[in-house]
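Pasted the sequence and its predicted model underneath.
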Amino acid sequence: MAVRELPTIYSKRHLLGIEGLSPLEIQLLLDRADEFVDHGRQANKKLDQMRGLTQINLFFESSTRTRTSFELAGKRLGADVVNMSISSSSIKKGETLIDTAMTLNAMHPDVLVARHHDSGAVALLARHVNCAVINAGDGSHEHPTQALLDALTIRRRRGRIEGLLVAICGDILHSRVARSNILLLSAMGARIRVVAPKTLLPASIDAYGVEVCANMETGLADADIVMMLRLQTERMQGSFVPSVREYFHLFGLTYDKLTRAKPDALIMHPGPMNRGVEIDGTVADDIDRSAILDQVELGVAVRMACLDTLTRNLKAAA
Ligand code: CP
């Protein structure tokens, strides 16, 4: 694959969040990812942009999509990729996050991909290492590569982001995906509406500059994109919904509720999905309406773009 020379507009060392990225930097990463999509469909997927570089994946929280796609992305770019297993690491013997970071740093990795259950933990880790750090999700704070892959999915399926009405529905309160998507899609000119019961909205929602709707019927009206989120029970202390059955009745995406959206509205979900809770299984599997597996595919391309961009910056600075 021919590799374009990158313009120097993405000059950051880390990717810790969408906050602080300019629309131009977002566009650069999306354009870069677009170049990797077709490559991922070829028989020979091996490139060499990261040949000789070391990538460590450090996931303190479980993951299927993000961890696997970062591993594939690094390997497809030619990096040596190490997946650190937390359950068999010295973290289990009481080693702190910072000591773990400094220990890994002493082995001279070039990029560290980290997921942690605490908001801000990945930024803290980045302050103690010399390599590039990518946030693969920190608590309910940010999940920047998810927002980038969601934006790429929308851009490829709709040809644009600007001017689209995106309804983000479900557990906004605990969702790093919602926060990163609100920041990114707003920056790219989309109109955002969050749809959730009051118990699942952050107290600071007015500061986000989004429309707020407490029911699906008005919340989905004329939406171009319907993005569903699961109930993040692992971050809940106490009860936020009366029952799963009632939640599905009121907020679960069904064909009936979908009639309120635009006839060609695209259904998205970052995964993992809980069928029969926030989304009906037949709606999720509707190949004419659902972009859920596109999101997964484009996740590899987006992560290749992020790894490639950050490690190019490192090489340029060396
Ligand atoms: N969307 C997402 O972050 O999925 P995983 O938890 O499987 O990585």
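Arrived safely.

tell me the helices in the stretch 101-250 of the chain, going along the chain?
For the stretch 101-250 of the chain, the helices defined by DSSP state H, counting those that start in this stretch occupy 121-126, 144-158, 176-187, 216-219, 244-251.

Could you point out which of the ones you listed sits nearest the ligand?
For those, proximity to the ligand was assessed by CB to the nearest ligand atom; helix 144-158 is nearest, at 5.3 Å. For the C-beta atoms, the positions are set from N, CA and C on the backbone; glycine is no exception.

what does this protein put close to the ligand?
Contact residues (CB under 6 Å from any ligand atom) of the chain with the ligand: S63, T64, R65, T66, G137, Q146, P270, G271, P272.

can we see that at 8 Å?
By the rule CB under 8 Å from any ligand atom, the part of the chain lying against the ligand is 61-69, 115, 136-137, 143, 146, 177, 270-272, 299.

export the helices of the stretch 101-250 of the chain to JSON lines and tack on mean pLDDT?
Compiled in JSON lines, these are given as follows (pLDDT from 0 to 100):
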{"stretch": "helix 121-126", "mean pLDDT": "97"}
{"stretch": "helix 144-158", "mean pLDDT": "98"}
{"stretch": "helix 176-187", "mean pLDDT": "98"}
{"stretch": "helix 216-219", "mean pLDDT": "97"}
{"stretch": "helix 244-251", "mean pLDDT": "94"}
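
can you tell which of those helices is closest to Q232?
If you check each of the helices of the stretch 101-250 of the chain against Q232 by CB to CB, helix 176-187 wins as the nearest, at 8.8 Å.

How about the contacts made by the residue nearest to I292 when sequence neighbours are not counted?
Spatial nearest neighbour of I292, excluding adjacent residues (CB to CB, 6 or more residues apart in numbering): H269 at 5.0 Å. Counting by CB atoms under 8 Å, 6 or more residues apart in numbering, H269 touches M227, M228, L229, R230, E278, I279, A284, S290, I292, Q295.

now the lengthiest helix in the chain against helix 144-158, angle please.
With secondary structure taken from DSSP state H, the chain has its longest helix at helix 292-317. Going by axes from the mean of the first three to the mean of the last three CA atoms, to 10 degrees, helix 292-317 is angled at 120 degrees with respect to helix 144-158.

what's helix 292-317 packed up against?
Counting contacts by 3 or more CB pairs under 8 Å, 6 or more residues apart in numbering; DSSP states H and E, helix 292-317 packs against helix 23-37, helix 65-76, strand 111-116, strand 132-138, helix 144-158, strand 266-268.

List the buried residues of that helix.
292, 294-313 (16 or more other CB atoms under 10 Å).

Ok, stretch 22-39 next?
For stretch 22-39, burial by neighbour count (16+ other CB under 10 Å) applies to 25-30, 32-37, 39.

Show me the contact partners of that stretch.
So stretch 22-39 is contacted by 1, 4, 6-7, 9-10, 12, 18, 45, 47, 76, 148-149, 151-152, 155-156, 184, 187-188, 297-298, 300-302, 304-306, 308-309 (CB under 8 Å, 6+ apart).
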